[in-house]
Structure formats: C-alpha cells, structure tokens
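[1] I would like the atomic coordinates for the input below:
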Amino acid sequence: MSPQADQGRLLRGGREIARLVLVWALVAVALHLLDLWLVDFAMPYWWQPIALAAMLGVLSAGVWPLIMRFAPHGTVLFLGLGSFLLLGAGVLGISFAIPDVIVANLETAVVVVVVIGAVSGLVSSGLAIDEDEVFFRRAARRFRRDGEDMADGPPGVLLLQIDGLGYDTVRRGIRDGDLPTLSRWLEEGSHVLTDWHCDWSSQTGASVCALLHGSDDDILGFRWYEKDRDHVMACAHPNDAAEIERRHSTGQGLLANGGAARGGLFTGDADHVSFTMSALPFLTRGRRRDGMGSGYYAYFANPVNVLRTFGSALVDVLREISASLRQKRAGVRPRVKRGPFFPFARAGTTVIARDLVVSAIIGDMLAGRPVVYADFLGYDEVAHHTGIERFDALAVIRAIDQQIGRLYRAERLSPRRYHLVVLSDHGVTQGWAFTNRFGESVQELVGRLCGGRPPADGRKPPRSAWQLGAAMTEAATGSGPIALALRRRAAWAGTPDRQRDAEGQPAAVARAAPGVVVVVSGHVAMVSFTEHPGRVDLETIEREFPDLLPALVDHPGVGFMLVRSTRSGPVVLGRDGVRRLDMTGDDAVTGEDPLARYGPHAADLVRRTDGFAHCPDIIVNSRYNEVTDDASPFEMHVGSHGGLGGGQSRGFLMYPASLPAPGEIIGAERLHRVVRDWLTHLGHPVPAPSAELVHDA
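    Numbers count the residues shown, from 1 in each chain. Next up, the predicted model:
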C-alpha cells in the first residue's frame with residue numbers, strides 16, 4: 001500500500017483521544033451558547049457546560065448503545081426521530097444529577113440533543129473520521145477478546161454495484177478525478193478494470209437476476225407484457241419481483257450459505273436481506289430474517305447518522321433544484337421535466353438509501369458474512385433525469401466513490417478479510433426522448449397506425465403496405481436494393497378496410513388500440529396483439545395492420561425491430577436492410593445489416609431473446625447514431641438504457657488483481673459464472689440446490 005493510501009482516514013495513535021477532547025470542548029461551547037439562547041435551559045456556573053458535556057459523552061458512548069440494544073424497535077420511528085426522544089429523556093435525567101442545571105421540558109432536551117449531534121457530526125467530518133471506524137476498532141477488540149477469529153476461513157467478497165454506471169463513464173471519471181478511490185486502486189495495482197457486454201435487455205432486472213441467480217431467461221425488459229396472463233410484469237413491483245425470483249431461483253444463488261443482499265431487486269438466495277424488492281411481499285410471512293427493519297433500525301438509532309443523512313439529503317434537494325433551473329435557463333438539450341417531487345425522490349436514492357445500505361454492509365462485515373451484494377442506485381436515477389455526465393450526475397458518482405472508500409477502510413479493521421468487487425449492471429445512452437423529438441410517444445404512434453386514434457386533423461392515413469416476401473424476391477432478382485423494396489407502398493387492391501372493435505371484456509392492461517398492447521422499457525418498445533394467442537407472425541401483422549410495419553421501419557427514431565415470419569423465421573428489419581436469423585448463426589442479410597451499428601454480439605443477443613417464452617410479437621429498438629453517440633429512448637428520460645446501442649450495452653467490472661482474469665464477458669449469465677468461479681477459487685463452497693425453490697420458468 002502506498003504512503004498516500006496510508007494517509008487515509010484510519011484512526012492512528014492519539015487521534016481518537018484528540019477527537020474526544022475536541023468534541024468535548026466544542027459540545028461544552030455549544031451548551032454555553034444554548035444557555036444564552038434557550039429560555040428553558042439554564043446553566044449559571046462556568047463548569048456546568050463542561051460537566052454536562054462529559055456526562056452526555058458517557059451517555060452516548062456507553063449507556064446509549066445498551067439502551068438501544070434492549071429498547072423495542074418501535075422506538076426508532078420516522079427516520080429515527082424516536083432516538084432523539086429517548087436521548088432527550090436521557091438529557092432530562094442527567095440535568096437532575098448536576099446541581100442548578102435546568103432543562104425545563106422534553107422539547108428543550110431534544111433541541112439540546114440535536115445540537116450536540118450536529119456538533120459531533122461536524123467534528124467527525126472536519127477531522128475526516130468516520131464513526132464506523134471508531135466502532136470497528138472497538139468491535140475488533142471485542143472479537144479478539146472473545147476469541148472469535150475469522151481470518152482462517154476464506155476471505156469474504158463485497159459485490160458493490162453502481163447502478164447504471166457505464167464503462168466509458170468510469171474511465172473518464174477515473175481520468176478526471178471523479179472516482180478517486182477506484183483511481184487509487186488502479187494506480188496501486190490492487191485492482192483491474194474491464195468491461196462486460198450486457199444482454200439485449202440492458203437493464204437492472206435482467207442483469208441482477210442473472211448475476212445473483214445465474215439466469216435471466218424470459219426477462220424482456222424492466223417491464224414486459226405476458227399475453228397468457230394479460231399482465232405487465234414490472235421488476236420494480238414487489239409482487240412481480242418476487243415472481244421473477246421464484247421462476248429463476250434454485251437455492252444456489254451467489255448469496256446462499258449465509259450471504260447478504262442490501263438494496264436492489266433480488267435476494268440471490270441470501271439469508272440476510274434488507275431494502276430488496278423481491279423480499280418485500282414476504283416480510284410479514286417470516287420468509288426472510290432481516291427484512292427492511294434491521295438495517296433501518298441499526299442506522300437511524302444513532303442520532304448523528306440521522307442528522308448527517310438529513311443534512312446531506314437537504315443539500316441534494318437544493319442541488320437538484322439548482323441543476324434543473326440551470327438547465328432550463330441555459331436551454332440545455334436534451335432535458336426533461338423533473339417535476340416538483342423528483343428532488344425529494346432523488347434525495348431518497350442518492351442519500352438516504354445509500355447511507356442505509358452502507359450501514360448494513362458494515363454490519364455484515366462485522367458479522368463476517370461470506371458474500372455481500374449491495375446496489376447503489378442513485379447515479380442511475382439522476383442520469384435518467386439530468387444526463388449521464390453532467391455536473392450533478394458526476395457529483396453523485398463522487399459521493400458513491402466516497403462511500404466505497406469508507407467500506408475499503410472499514411475492511412482493514414473488520415474481523416474477516418474481504419475482497420471488494422465494484423461493478424455495474426449496465427451503462428446508459430443519452431438522447432432526446434422519442435416523445436419530445438418526434439411529437440408523439442411510441443405508444444401513440446403504434447396505436448394510431450393500428451386504428452386506435454386518427455390524425456389530429458381528422459384525415460385518414462393513406463392505405464399502403466409492404467410485403468417482406470415481395471421485398472426479398474425483388475432484392476434477390478436484382479431489381480433494386482432492399483431499401484427501395486422496404487419503402488415501396490403498394491396498395492392492396494380489393495382488401496376491405498377492417499374496423500377493429502374493442503374487446504368484449506375489460507382488459508387488465510391498457511391498450512394502445514383495440515387488441516394492441518405496447519410496453520416500453522427504455523430504448524426498447526414491445527408490441528403484442530392480444531386477439532391472437534401465442535406469437536403472431538409477420539404475415540398476420542401485415543394482413544391486419546398493413547400500415548404498421550412499413551411506418552415503423554421507416555421511422556427516424558427506430559433502429560431495428562424483431563418479428564417472426566412463417567416463411568423466414570425470426571427476422572430483423574431495418575430501414576435499409578433485413579437480417580434473417582438462423583439458429584445456427586448462419587444469418588442471411590439483404591441490403592445493409594440492420595444490426596451492424598449495434599456491435600458484433602447484437603445478432604446472438606437478439607436471437608436469444610427471440611426464443612424467450614413471452615417474446616412479444618414485435619420488439620422495437622431505438623435508432624442509435626454512432627457519430628453523435630445518442631439515441632431517443634421511448635421513456636421520458638435523458639439518459640436511458642434497456643436496449644442495444646451506445647454506452648447502455650457496456651457495464652464495467654473492477655476486481656482484485658489477485659483473482660483470475662475473467663476473459664471476455666458477454667451477457668449477465670456469463671458474469672454470474674465469473675463471480676461464481678471467483679468464490680470457488682477463494683474456497684467458498686457451492687451451495688446445494690433447494691428442492692423447494694426449483695421451478696419451471
């Protein structure tokens with residue numbers, strides 16, 4: 001370790017004593033000022049602030065942890081405000097022990113507690129000392145005293161996921177100083193940085209399920225439609241997340257055998273879970289040990305944590321409002337409306353959830369849990385609304401890097417050695433939202449083309465059609481390039497105008513047009529025709545909706561789309577060409593390859609998705625411009641993901657140099673295999689499959 005790293009924030013000789021003395025002195029000064037300010041608080045003698053500060057220090061360091069250990073969890077309510085009430089009661093009790101000190105009521109005592117907590121937090125920040133480092137030193141001494149030694153077992157692994165942070169952004173962040181912790185690791189040679197290629201569905205649901213459970217089969221997006229159930233699956237919905245995990249879990253997840261999952265969507269079969277979406281439906285059924293409560297309780301039981309988190313959250317709210325106003329005033333494009341509630345939602349992800357997750361990880365390290373997975377989701381949320389490398393998004397990256405640095409320092413004091421692996425589930429591609437760029441959403445576009453809504457001026461679009469078979473025949477006979485064939489609008493003579501009525505029964509899912517469901521997931525839109533069971537072939541779509549395919553394939557916001565033909569099998573259609581996907585990989589391309597600009601792995605990833613059980617009738621991928629490195633997402637985002645094209649397809653992986661090199665990583669299932677091999681290499685046993693959790697997808 002370099003001298004620079006050694007000059008970090010670990011407590012060294014005499015520094016803890018200096019901190020205690022400084023906090024004692026500043027708290028005494030603060031108490032004297034409160035005596036001057038508060039009517040119901042009085043300390044007439046000069047020595048009383050010093051004595052009260054000392055007794056409050058004893059209460060915080062010794063008595064308070066015992067109180068919180070045995071106090072019911074219900075005392076820590078609404079982000080820990082209950083802890084202030086308990087400490088306020090303690091201040092009232094101490095006031096009776098010091099002659100002539102007057103604390104008139106509980107409200108005054110709580111004010112005293114808040115001020116003392118703020119002073120303690122400011123001193124710790126000013127001296128660059130983490131409260132958890134003090135805690136770790138005490139815990140390490142306890143482990144040695146109790147004879148608990150975890151050093152003989154295999155080292156643990158922390159899987160720290162920065163949601164949405166792409167490989168190229170990481171490289172620039174390391175270069176520009178936005179990721180100093182990761183940069184220092186690379187400079188010291190302790191870690192190696194590489195990239196990995198996401199699946200077509202480049203989003204958290206597919207990537208994390210595959211990473212933790214080894215499979216992302218049939219996960220088509222962050223949201224997708226299942227025709228047999230008339231249901232839109234949403235990874236962010238607790239019941240749907242639980243169902244996705246039920247379909248993919250075999251009991252052999254990365255976190256089985258005593259691991260922990262902190263944040264994110266899925267548990268990875270962990271025994272210790274908090275802030276995890278798929279576990280929420282089971283909290284009241286006793287299926288998970290930790291649930292939401294333990295991490296929440298442990299963190300907010302400390303009033304200093306409450307003040308630090310609330311202060312940071314307030315700063316982040318103000319930062320978001322300022323950034324939004326600056327973008328609007330400067331006319332920055334692309335941008336989206338963020339709404340009046342987004343600043344608070346942003347603070348919830350970038351500050352509150354982050355601090356809770358870090359606190360839970362520290363507890364896991366103290367407990368010596370073998371594998372811990374955590375998701376820092378703040379950057380992804382901000383990148384959606386502000387852009388991938390604008391100043392406030394980079395500020396979130398810096399804050400996450402700081403927390404990773406805390407965990408790295410805490411690892412040096414934990415009773416078990418840990419390897420830190422930092423990774424992302426996908427990247428992000430920036431662009432002007434499809435709705436803003438083209439004046440209508442993709443749902444409105446498909447609905448209009450399928451007869452759901454006429455044009456605004458009341459005119460009926462001209463009847464036109466494009467036939468794949470005819471287009472390929474023309475191209476094969478040399479009568480013209482495929483682009484001319486795709487754009488040919490031949491009227492269907494003698495074909496009656498088909499009016500589609502609404503279905504007889506109310507639908508569970510909103511229709512873009514009668515019998516048509518459109519679901520979007522970032523840069524992917526999925527179209528399903530509900531009046532037909534199973535996969536609807538291209539020929540049927542042409543016959544029933546003759547305007548749909550030609551209009552979509554020619555649309556400037558559409559890069560390519562997947563549809564299955566009865567004659568040709570799965571085909572990928574682009575504006576200037578067609579690619580017929582062969583299951584052996586021997587594809588036939590007519591005209592320009594519509595997947596050429598989406599990377600060398602695009603065909604295999606699209607081919608795999610075509611085989612999913614709930615693959616929709618049409619999947620549309622946004623058009624990626626490799627010159628400007630942008631694409632128009634189908635959701636109202638600035639930075640988005642979920643498909644192919646640009647940075648969204650490249651996540652990053654930073655791993656200890658002592659672990660075997662992973663080679664090229666294509667797909668999140670391969671990423672799971674890499675991490676599983678690392679655990680085996682370190683000596684972790686492979687968990688046995690659980691018969692209760694083996695399910696058909």
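[2] quickly run through the sheet partners of the helix or strand hosting residue 422, with directions.
    Here residue 422, judged by DSSP states H and E, is contained in strand 418-423. As defined by DSSP bridges, the strand partners of strand 418-423 come to strand 156-162 (parallel), strand 650-656 (antiparallel).
[3] and the next helix or strand past the last one?
    Where DSSP H and E defines the elements, the next helix or strand beyond strand 650-656 is helix 668-682.
[4] run the chain-centre distance for that following helix.
    In terms of CA atoms, centre = their mean, to the nearest Å, the centre of helix 668-682 is set 21 Å apart from its chain centre.
[5] check which helices and strands that helix sits against.
    Here helix 668-682 touches strand 156-162, helix 204-213, strand 418-423, going by 3 or more CB pairs under 8 Å, 6 or more residues apart in numbering; DSSP states H and E. Just so you know, the C-beta spots here come from the backbone N, C-alpha and C atoms, and that holds for glycine as well.
[6] okay, the angle between the strand holding residue 422 and helix 668-682?
    170 degrees (axes from the mean of the first three to the mean of the last three CA atoms, to 10 degrees).
[7] tabulate the helices and strands packed on helix 668-682 (a markdown table), appending mean pLDDT, mean neighbour count and distance to residue 572.
    Shown next, in a markdown table, are the helices and strands packed on helix 668-682 (pLDDT from 0 to 100; neighbours: other CB atoms under 10 Å; distance: least, CB to CB, whole Å):
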| stretch | mean pLDDT | mean neighbour count | distance to residue 572 |
| --- | --- | --- | --- |
| strand 156-162 | 96 | 24 | 31 |
| helix 204-213 | 96 | 29 | 20 |
| strand 418-423 | 97 | 22 | 30 |
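[8] relative to residue 393, which of those is closest?
    Residue 393 lies closest to strand 156-162 among the helices and strands packed on helix 668-682, at 11.8 Å (CB to CB).
[9] what residues does the closest one touch?
    For strand 156-162, contacts defined as CB atoms under 8 Å, 6 or more residues apart in numbering pick out 208, 211, 254, 264, 361, 365, 368-376, 379, 397, 400, 404, 407, 411, 416-425, 675, 678-679, 682, 684.
[10] swap the cut-off to 6 Å and go again
    Strand 156-162 is contacted by residues 370-376, 379, 400, 404, 416, 418-425 when judged by CB atoms under 6 Å, 6 or more residues apart in numbering.
[11] need the next SSE after it, C-terminal direction.
    helix 167-176.
[12] flag every buried residue along that next one.
    167, 168, 169, 170, 173, 174 (16 or more other CB atoms under 10 Å).
[13] alpha carbons only: can I get stretch 590-602 in CSV?
    Provided in CSV are the C-alpha atoms of stretch 590-602 (Å, rounded to 0.1, in the frame of the first residue of the first chain):
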residue,chain,number,x,y,z
THR,A,590,-30.2,-8.5,-47.6
GLY,A,591,-29.2,-4.9,-48.1
GLU,A,592,-27.5,-3.2,-45.1
ASP,A,593,-27.3,-5.2,-42.0
PRO,A,594,-29.7,-3.6,-39.6
LEU,A,595,-27.6,-4.8,-36.6
ALA,A,596,-24.2,-3.5,-37.9
ARG,A,597,-24.1,-0.4,-35.8
TYR,A,598,-25.1,-2.3,-32.6
GLY,A,599,-21.9,-4.3,-32.1
PRO,A,600,-20.6,-7.7,-33.0
HIS,A,601,-22.7,-9.5,-30.4
ALA,A,602,-26.1,-8.0,-31.4
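[14] residue 32 contacts residue 49, correct?
    Yes. Using CB atoms under 6 Å, residue 32 is in contact with residue 49, at 4.7 Å.
[15] between those two, tell me which one has more neighbours.
    Remark: of residue 32 and residue 49, residue 49 carries more neighbours, 22 against 17, as counted by other CB atoms under 10 Å.
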